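>>> Okay, structure incoming, though there's no sequence with it:
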């Protein structure tokens, strides 16, 4: 089965590596154009391109998807199936229809939940206890195609989006190989999504960072861990913006308003939240400083306690 792979970031590179390790016939790779990065603004290859070049696979990086160039490139490869994993581009219907077996995708959620750009972060941010990966057929509308397989995994209470990403990346690659084998064998199921249960998630940005202390401690914990490794939760402390990396629950209660500092000491910074509950900030980063334990930071900095 001739496979054309389309993807860009690490999440996709893991799937491409797995296909090559399992000796699937990958005949070409599409990935996003090289982008300038760093102080020198040197062009940097995507993780998928790095894997493809090491395997000496043909690499295609079309700037546009609808001017006919990408279609002609794909057509020249004579694919039996198109595998798309976090490519970052919407594919025209003519490209989806070209391969014999169509086009399939690996998505980092249990569809139809969390269609869109940040499904892994959404699972943490929303406090889900279970998430997973889905393989599906691509359709015209985003993440709306028929489901092939799903695989579930629990979400740790203090698991970051980055940690969950690493696990789902491996799970997705493994599920992809099973999916391809079963499609070729003619045994892969095809289950339409319940579009009435669909939810959508946007791409995260720095406007999502500030902690809302009027929320419950668990909601704030999920905010802190859901925004790692990027864009990272923030809090304002004595007029300065701090990045917040870790927190812990307490059994304390306070009459102070949400956001007020209840205590500052060897355990960290205790902050008032919704309903009189409190949350302990245990790891942070002051402006211009390194990330550190809150207790270590407080040894050299006096923070005024409101309580």
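Happy to help now that I have it. Just so you know, these numbers come straight off a predicted model, no measurement behind them.
>>> show me the residues around residue 131 that make contact.
With contacts defined as CB atoms under 8 Å, 6 or more residues apart in numbering, residue 131 is in contact with 108-110, 119-120, 123, 152-153, 155, 164, 168. Quick note: C-beta positions are derived from backbone N, CA and C, even for glycine.
>>> Would you mind writing the ChimeraX command to select the buried ones in those residues?
In ChimeraX, this line selects whichever of these come out buried by 16 or more other CB atoms under 10 Å:
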select :108,109,110,119,120,123,155,164,168
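>>> So which of the contacts of residue 131 sit within strands?
152-153 (DSSP state E).
>>> Which member of the contacts of residue 131 is positioned nearest residue 215?
Minimum distance to residue 215 across the contacts of residue 131 is 17.6 Å, recorded for residue 123 (CB to CB).
>>> Which strand or helix spans the closest residue to the closest one other than its chain neighbours?
Nearest in space to residue 123, with sequence neighbours left out and distances taken as CB to CB, 6 or more residues apart in numbering, is residue 131 at 3.9 Å. Element membership of residue 131 [criterion: DSSP states H and E] is strand 130-137.
>>> Give me the residue at the spatial middle of this structure.
Among the residues of the chain, the one closest to the centroid is residue 120, at 4.3 Å (CA atoms, centre = their mean).
>>> contacting residues around the closest residue to that residue other than its chain neighbours?
Distances taken as CB to CB, 6+ apart place residue 108 nearest to residue 120, at 4.6 Å, with adjacent residues excluded. Shown in contact with residue 108 (CB under 8 Å, 6+ apart): 11, 114, 119-120, 131, 133, 165, 168, 172.
>>> got a list of contacts for the strand or helix carrying residue 220?
Following DSSP H and E, one finds residue 220 within helix 217-226. For helix 217-226, the external contacting residues (CB under 8 Å, 6+ apart) are 121-122, 124-127, 157-161, 211-213, 215, 233, 244-247, 249-250, 273-274, 277-279.
>>> Same question for stretch 294-304.
Contacts for stretch 294-304 (CB under 8 Å, 6+ apart): 237-238, 261, 264-269, 281-284, 286, 289.
>>> can you give me how far it is from the chain middle?
Chain-centre distance of stretch 294-304: 33 Å, with CA atoms, centre = their mean, to the nearest Å.
>>> How about the contacts made by residue 137?
102-105, 145-146, 148, 190.
>>> Write the ChimeraX selection for whichever of the residues you listed are buried.
Here is the ChimeraX command that selects only those of the contacts of residue 137 that count as buried (16+ other CB under 10 Å):
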select :102,103,104,105,145,146,148
